[in-house]
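Undergrad: Would you be able to build a 3D model of this:
(2 chains)
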Amino acid sequence: MIACLFVPLFPLAARLRAEPELKDEAVAVCEGNGSAARIVAATRKARRAGIEAGMTLPQARAILPKLVARGRDRACESAAQEALLEVAESFSPRVEDEGEGVVYLELDGHPMLGVPGEITPLSPTPSPKGRGAASLGMAILLAAEKALLPARVGVAASKLAARVAAGLPGSPTVVADGEEQRFLAPLPLERLAPALEIAATLDRWGLHTIGDFAKLPEGQVGSRLGEAGRALHATARGIDPRPLEPRLPPPVFTEGLELEWPLATLEPFLFVGHAALERLVRRLEAQALACTRLDVALELDPGGHDARSIALPAPTRDVKTLLTLVRLELEARPPGAAVAGFSFTAHPDAPRRAQLTLFGPAALSPDRLATTIARLAALLGSDRVGSPRSVDGHRPERLTLTGYAPPPPPRVKPAPRDGRGLLSVRVLRPPVELEVLLGDSDSVGAALAAARNEGGDKPRPYSIRSTPGAAPPIAGSVRVAAGPWSLEEGWWTDAPADRDYWDVELTDGGLYRIYRDRDGGHWFADGVYD
Amino acid sequence: MSGAQAMAPALADLLEGKGLSRKAAAQSLLSGLGAKLTRASDLPSPASRRDPLPTRVPALDRLLSGGLPRGGLVELCGRRSSGRFSIAMSTLAAATSGGEAAALVDLGGHLDPQSAEEAGVDLERLLWVRPEKLKGAVTSAEMLLSTGFPLVVVDLGLPPVRGRFVPDAAWVRLERAARSHGAALFVLAPYRVSGIAASAAVSAGSARALWEGSGRESRLLGGLSARLVLEKDAGARGGKAEEMGLVAVPELSP
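TA: Down below sits the predicted model:
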């Protein structure tokens, strides 16, 4: 069985999906420029007022001055078509993209179809399979509605019959297997969308229904109407040899909008961007995916493009987080011109899963964790959130930061270990530059002599004081000094470390780790024992 | 006369402002249920009903009746080199080595991964957040508590604390977030910041460095001792004190 998912007045439906606040207004979608623009589709309210497809915009405005006119937006339509395909893909892995709001999906083997039977829209008592197909059709309709697309569904054995069934009101319409010809027979010939010349010929022959045309002998039709006529005759008899051509799933998800007026400030852009991100996240959610990278493409006014990419620390589906990241990105690097259109492209990835345990510590929800990390990264900067790692080497300030992905908690909580009671060091980043007096703490004179190294003994720090403006401020006389310990690393690099380290206790009780840079002779404090 | 009957007139007198005029009733009131509930803090708190999260610093665990209460805010304040950061590392080590996730909101960016690893912290389970201002630290802590981290340590670094003062209401919000998620919130600050929000407050003082060697001979930093004083606790009387010892080089510890 094949189902056809069809969105009537697709350009209008796509536009209303992007601007749902216009749903109850008299809206028309036009194609073309200026006074030559023609109405392509209009809402029910506009149609009731007399607006019809094919009218020029001035004609329509003459009938309804308050008509809200919108141009065809290819970005909107493309996003709506993608959303329609994703709705179909949530029911079947084999989906064909026909374009313009039409999608086919293969339903064979779907558990909701049930046992084979017989049903037509004309038969009063549908069989179990028919009921299954109708239920499935209704489920597809509801899913499309959730994606903000008012669709119709037709289910039949062939693409053509499904497409014709989808065009009928009272959706979903189910055509039983082998009943295509009977189903099509009472319908007008226009349902088969024949070529204009063939339609005129058939009209001259006095044929108005598909059934009338199907009754004609195939050979005679072929000899008079050619190959196109023969194919049309076959479809009138319910024969559709076209197989379903499934498409490959897209690697990315895109939502965008061409703006009616260029936007020069950030807040209005974020307002319309929020709706686009919501649609994008809804599509990701339908595929059980999350966004791991967001590309922002901007159309600038009067011309030009701007593109940027926002990498997320973990896959997320949180609209607020994505919007905050977009805001921060645009605040940091403004596009430089008014924005006339935009598109957001989400690179999907599977969201993280949690394995729960009965007896071990509770695991964090991966989705919430990813959202929190993304929000923290947006708030503080991506280099300020992560999991620290130790690095091989000897410099105390060495550090690396990786993405936070904690391993699953143990199944059983391990027995507690005794604390080591170690004295830790607060690392000062960057190190605080010091002015240091060297010598013996007994007298300043001796200190100065020792500073000149006159006694042959190693001079010791006697008094230290941070340079003005340094944070945190450090000042005081040294009560005890231990050292020096030499550290030499990376002499083969451009930034070697050649230091003499001391542990000093000041009279105020502060315990510091200080060093003298042997290259420059300057003193620094790079740690506080605390 | 039963205890309840004796208490009734005494309570009536108290409500009328007459004091305890009847001896029997007064004795009953003072020796019964009322005697056990002399302080509001004696009432059991929701946080005290759950297993506390041990800090693995024996002195602090004794003061806090086993460790940090889950669903409460504990504040530890002390000046430079009073052992605050070492206590934070020990607490993080206790939580992460037990398989729990933990977050460190490090206002000064002082964490040394090497020494944290030596202290027993499982770095894979530690989320390190380095805000630049106090407001960012408080916001980060609230987000982390809402995410479900069982332990959030907020270290406000060395004085002066970066960023403007945050109102008491912010700490009350944090305490409520910790309570609603059953998380232990441990705030380390150079001076008291959380006001009334803290369910327990401990101060670290009288710190003294311990040196190996004496006189002009080579010295070596052996460790640090400090006195922890329980300033406030919802579940116990304040004023209790314990001595804490930390070693700089474990091989030299007795």
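Undergrad: Next, count neighbours for residue A:485.
TA: Using other C-beta atoms under 10 Å in any protein chain shown, residue A:485 has 12 other residues around it. (Each C-beta comes from the backbone N, C-alpha and C, glycine too.)
Undergrad: Next one: it relative to chain B, how far apart?
TA: Between residue A:485 and chain B the distance is 10 Å, computed by C-beta to the nearest C-beta, to the nearest Å.
Undergrad: Please apply the same query to residue A:409.
TA: Taking C-beta to the nearest C-beta, one finds residue A:409 at 4 Å from chain B.
Undergrad: so how far is residue A:362 from that residue?
TA: Going from residue A:409 to residue A:362 by C-beta to C-beta, to the nearest Å gives 7 Å.
Undergrad: More neighbours: which of the two?
TA: Neighbour totals were compared for residue A:409 and residue A:362, and residue A:409 leads with 22 against 15 (other C-beta under 10 Å).
Undergrad: Contacts only, for the more buried one.
TA: By C-beta atoms under 8 Å, 6 or more residues apart in numbering or on different chains, residue A:409 lies in contact with A:357, A:360-363, B:99-101.
Undergrad: Tell me, what's the model's pLDDT at the residue nearest the centre of chain A?
TA: Residue closest to the mean C-alpha point of chain A, counted by C-alpha atoms, centre = their mean, is residue A:346 at 3.4 Å. The model reports residue A:346 with a pLDDT of 93.
Undergrad: And for residue B:144?
TA: 95.
Undergrad: beta partners of the closest residue to it other than its chain neighbours?
TA: Take residue B:144 and drop its neighbours on the chain: the residue closest to it by C-beta to C-beta, 6 or more residues apart in numbering or on different chains is residue B:103, 4.5 Å away. Beta-bridge partners recorded for residue B:103 (DSSP bridges): residue B:127, residue B:152.
Undergrad: Check whether residue B:103 really touches residue B:148, as I assumed.
TA: No - in this structure residue B:103 lies outside contact range of residue B:148 using C-beta atoms under 8 Å: 10.4 Å.
Undergrad: one step back: any idea which element the residue nearest to the centre of chain A lies in?
TA: strand A:339-349 (DSSP states H and E).
Undergrad: Equivalent analysis for residue A:259, please.
TA: strand A:253-263.
Undergrad: What are the boundaries of the strands in chain B?
TA: B:72-78, B:102-106, B:126-129, B:151-155, B:184-189, B:200-212, B:220-233, B:241-247 (DSSP state E).
Undergrad: related to what we said a few turns ago, and the residue nearest to residue B:144, what pLDDT?
TA: Reported pLDDT for residue B:103: 96.
Undergrad: I'd like to know how many residues surround it.
TA: 30.
Undergrad: Assign a three-state SS to residue A:498, would you?
TA: strand (DSSP: H, G, I helix; E, B strand; the rest coil).
Undergrad: and it, what is it in contact with?
TA: A:487-488, A:491, A:517-519.
Undergrad: I'd like these as TSV, with neighbour count and secondary structure appended.
TA: Output for the contacts of residue A:498, formatted as TSV (neighbours: other C-beta atoms under 10 Å in any protein chain shown; DSSP: H, G, I helix; E, B strand; the rest coil):
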residue	neighbour count	secondary structure
A:487	15	strand
A:488	12	strand
A:491	8	coil
A:517	15	strand
A:518	16	coil
A:519	10	coil
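Undergrad: Could you identify the most distant pair in those residues?
TA: Greatest spacing in these, by C-beta to C-beta: A:491 and A:517 (13.6 Å).
Undergrad: and the strand holding residue A:346, what does it pack onto?
TA: Packing partners of strand A:339-349 (3 or more C-beta pairs under 8 Å, 6 or more residues apart in numbering or on different chains; DSSP states H and E): strand A:253-263, helix A:266-286, strand A:290-300.
Undergrad: Next secondary structure element downstream of that strand?
TA: helix A:366-380.
Undergrad: Give me the spatial nearest neighbour of the residue of the stretch 51-200 of chain B found nearest chain A, chain neighbours excluded.
TA: Among all residues of the stretch 51-200 of chain B, residue B:56 sits closest to chain A, at 2.8 Å; criterion: C-beta to the nearest C-beta. Nearest in space to residue B:56, with sequence neighbours left out and distances taken as C-beta to C-beta, 6+ apart, is residue A:419 at 2.8 Å.
Undergrad: Output the below-cut-off pLDDT ranges for the stretch 251-400 of chain A.
TA: Residues of the stretch 251-400 of chain A meeting the criterion pLDDT under 70: A:313, A:353-356.
Undergrad: Which positions in it make contact with chain B?
TA: With C-beta under 8 Å from any C-beta of the partner chain as the criterion, the stretch 251-400 of chain A comes near chain B at residues A:360-365, A:368-369, A:372-373, A:375-376, A:379-380, A:384-391, A:396, A:398-400.
Undergrad: That'll do, ta.
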